[in-house]
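sequence and computational prediction follow.
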Amino acid sequence: GGIITQTPKFLIGQEGQKLTLKCQQNFNHDTMYWYRQDSGKGLRLIYYSITENDLQKGDLSEGYDASREKKSSFSLTVTSAQKNEMAVFLCASSSRDTQYFGPGTRLLVL
Amino acid sequence: GEQVEQLPSILRVQEGSSASINCTYENSASNYFPWYKQEPGENPKLIIDIRSNMERKQTQGLIVLLDKKAKRFSLHITDTQPGDSAMYFCAASSSSGSWQLIFGSGTQLTVMP
């Protein structure tokens, strides 16, 4: 087995601020994903990466950057936080089609 | 983009009865259909999945059915318990490959004692 860790667990930012979320996995999975989940809603794909240094845009990539520094880590940057934004950002990884999720980072923008 | 429709969005059942959630997908090339359970404040956890070479799969009180012709799949929870109360998401593999999943919008299941 393995685990996915996300840091920080909670993130409070200011409007216009650049915010970075980090994700680490020790499954040795090739593919990693970033999703956004708004309260009571489904998951929307922001970015994914199929290998180290690879980056693919999802449906929700505008306003975000991502970086796959190494196989085990995938970071997401909110380029300019929007006032009153509140969402959970979920990282996932997979070796083939089965995805496993991290515990999430809860973002609140004041 | 591709979509997965999930219904109902809210489901309330009596303890001991069964609960059914239905999803439809658009792309006939989709071949993998997982179901996730998410409890409040927790991450989604995979509970059961089915691939396109099967029509039915069952595990520990969960049954998944897949109708490829109708592009429809469903989750049936038999003998529901209060611990089954959670948000449930279906997903279908994307035609764009790279192991992408398209998620449904979720079903909030409440099992009433």
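Yep, that arrived.

show me where chain B has its strands.
B:4-7, B:10-14, B:19-25, B:32-38, B:45-51, B:56-59, B:62-67, B:72-77, B:86-93, B:101-103, B:107-112 (DSSP state E).

and residue A:18, which of these is closest to it?
Counting by Cβ to Cβ, residue A:18 lies closest to strand B:101-103 out of the strands of chain B; the figure is 27.5 Å. In short, each C-beta sits where N, CA and C put it, glycine included.

is there proximity between that closest one and chain A?
Yes. Strand B:101-103 lies within reach of chain A by Cβ under 8 Å from any Cβ of the partner chain, at B:101, B:103.

okay, now the unreliable bits of the chain?
Using chain A here. Counting by pLDDT under 70, chain A contains no low-confidence segment.

wait, chain B
Using pLDDT under 70, the flagged stretches of chain B are B:96-98.

tell me how many other residues crowd residue 34.
Since no chain was named, I'll use chain A. Residue A:34: 27 surrounding residues under other Cβ atoms under 10 Å in any protein chain shown.

can you look at chain B instead?
By other Cβ under 10 Å, 22 other residues sit near residue B:34.

then the one 4 residues further on?
Other residues lying near residue B:38 total 20 when counted by other Cβ under 10 Å.

give the contact list for it.
Applying Cβ atoms under 8 Å, 6 or more residues apart in numbering or on different chains, we find residue B:38 in contact with B:44-45, B:86-89, B:106.

any idea what it is bridged to?
residue B:87 (DSSP bridges).

apart from its chain neighbours, what residue comes closest to residue A:89?
Once flanking residues are discounted, residue A:89 sits nearest to residue A:105: 4.7 Å by Cβ to Cβ, 6 or more residues apart in numbering or on different chains.

look up how far chain B lies from the one you found.
11 Å (Cβ to the nearest Cβ, to the nearest Å).

out of the contacts of residue B:38, which are buried?
Burial by neighbour count, 16 or more other Cβ atoms under 10 Å in any protein chain shown: within the contacts of residue B:38 this picks out B:44, B:86-89, B:106.

which SSE is the residue nearest to residue A:7 when sequence neighbours are not counted in?
Leaving aside its chain neighbours, residue A:7 sits nearest to residue A:22 (4.9 Å; criterion: Cβ to Cβ, 6+ apart). Per DSSP states H and E, residue A:22 falls inside strand A:19-25.
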